[in-house]
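>>> Below: sequence and its predicted model.
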Amino acid sequence: MTRQENEHWARFWSEYQTDVANKDEQSQVLRTRNKQPIDQRKWEITLDTVGQQLELQSDDTLLDLCCGNGLFTAAFGPRIAGVEAVDISPVLTGRLAARGLPNVRVSTSDMRDAQFAPRTFSKVLWYAGIQYIDESDIVAMVRRIRGWMKPGGILMIGDIPDRAKLWDYFNDDTRRAAYFDGLEQRKPIIGSWLDAGWIERLCLASGFASAEAVLQHEELIYADFRFDLIARC
Ligand SMILES: C[S@@+](CC[C@H](N)C(=O)[O-])C[C@H]1O[C@@H](n2cnc3c(N)ncnc32)[C@H](O)[C@@H]1O
């Protein structure tokens, strides 16, 4: 059985079909709250924050892991040397490829199958994607990402579901029952919830020189239960 057949989230995204003609770009990647897409102001804060945390420079080579329909790639591509964008969803990578951005290479693949030469990227963005794999695969991915990065590079893992906020999110009996049902059925709601200290220590043990979990800007769409991680080579 392949991963895509076996795992809920890999199957969900690899089979994901979205009626692109009738959906705005944020809803296409499910950046919604109560079925409403993130508003323009919150999205601009998101872009500013991510750009600043990655300290983007004109000579940067960026890996956009779990790129979706390329909202970050399209915003950052024109400012830097090049972007390699990877996602498991053919529908979403098709949207990005259709933009025809000159310095962007798009591939459709499970992130766990991605292969790059050592020291290929100065910056790596893994935004709203880490929760779709389990802890074993997260360990393997962080170690491999470190190998793909240039000295002085910066990794940003964005929008990580915060284990410390789990019961703020599943905050009544009905929601807690749904959470446990999801785990039992191997269809975890949201996906993996991570402890900030755990991901910091994993980055340090994987060869990053520093790793710091950071709170999100309070106006961001999921700031009440997600955090970001910045790791430097
Ligand atoms: C919530 S969307 C975020 C997209 C984009 N990073 C953004 O923030 O706009 C999550 C993305 O992760 C991708 N994804 C999920 N599991 C994946 C996997 N195993 N390998 C590669 N991409 C994956 C999905 O296809 C989807 O595009």
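Looks like it arrived, so ask away.

>>> Please count neighbours and contacts with C-alpha atoms only from this point.
Noted.

>>> mind listing what's buried in the lengthiest strand in the chain?
Looking across the chain with DSSP state E, the single longest strand is strand 149-161. Buried residues in strand 149-161, defined by neighbour count with 16 or more other CA atoms under 10 Å: 149, 150, 153, 154, 155, 156, 157, 158, 159, 160, 161.

>>> Now for those: which two are most distant?
Checked with CA to CA, the buried residues of strand 149-161 reach their widest spread between 150 and 161, with 27.4 Å between them.

>>> which residues sit in contact with residue 16?
For residue 16, the contacting residues are 89, 91, by CA atoms under 8 Å, 6 or more residues apart in numbering.

>>> Now do the same for it: its pLDDT.
Looking at residue 16, its pLDDT reads 88.

>>> can you confirm it is in a strand?
No - counting by DSSP: H, G, I helix; E, B strand; the rest coil, residue 16 falls outside a strand, being coil.

>>> and residue 230, which of the three is it?
Strictly by three-state DSSP, residue 230 counts as strand.

>>> do you know how far the residue nearest to it when sequence neighbours are not counted is from residue 226?
Excluding its sequence neighbours, the residue lying closest to residue 230 (CA to CA, 6 or more residues apart in numbering) is residue 156, at 4.7 Å. Look at residue 156 and residue 226: by CA to CA, to the nearest Å, they are 14 Å apart.

>>> now residue 14
From residue 14 across to residue 226, the span is 24 Å (CA to CA).

>>> The two: which is more packed in?
Set residue 14 next to residue 226 and count neighbours by other CA atoms under 10 Å: residue 226 wins out with 23 against 19.

>>> Test my guess that residue 91 contacts residue 13.
No - contact criterion CA atoms under 8 Å: residue 91 and residue 13 do not qualify, at 9.4 Å.

>>> Now do the strands in this protein.
Under DSSP E, the chain gives strands at 32-33, 36-37, 61-65, 82-87, 104-108, 121-127, 149-161, 210-215, 226-232.

>>> Need the winner for burial among those.
Among the strands of the chain, strand 61-65 has the highest mean neighbour count (mean count of other CA atoms under 10 Å), at a mean of 25.

>>> quick one, that strand and strand 149-161 angle?
30 degrees (axes from the mean of the first three to the mean of the last three CA atoms, to 10 degrees).

>>> Can you tell me which helices and strands strand 61-65 packs against?
For strand 61-65, the packing partners by 3 or more CA pairs under 8 Å, 6 or more residues apart in numbering; DSSP states H and E come out as strand 82-87, strand 121-127.

>>> Switch these over to TSV; also include distance to the ligand and mean pLDDT.
Shown next, in TSV, are the helices and strands packed on strand 61-65 (distance: least, CA to the nearest ligand atom, whole Å; pLDDT from 0 to 100):
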stretch	distance to the ligand	mean pLDDT
strand 82-87	4	98
strand 121-127	4	98
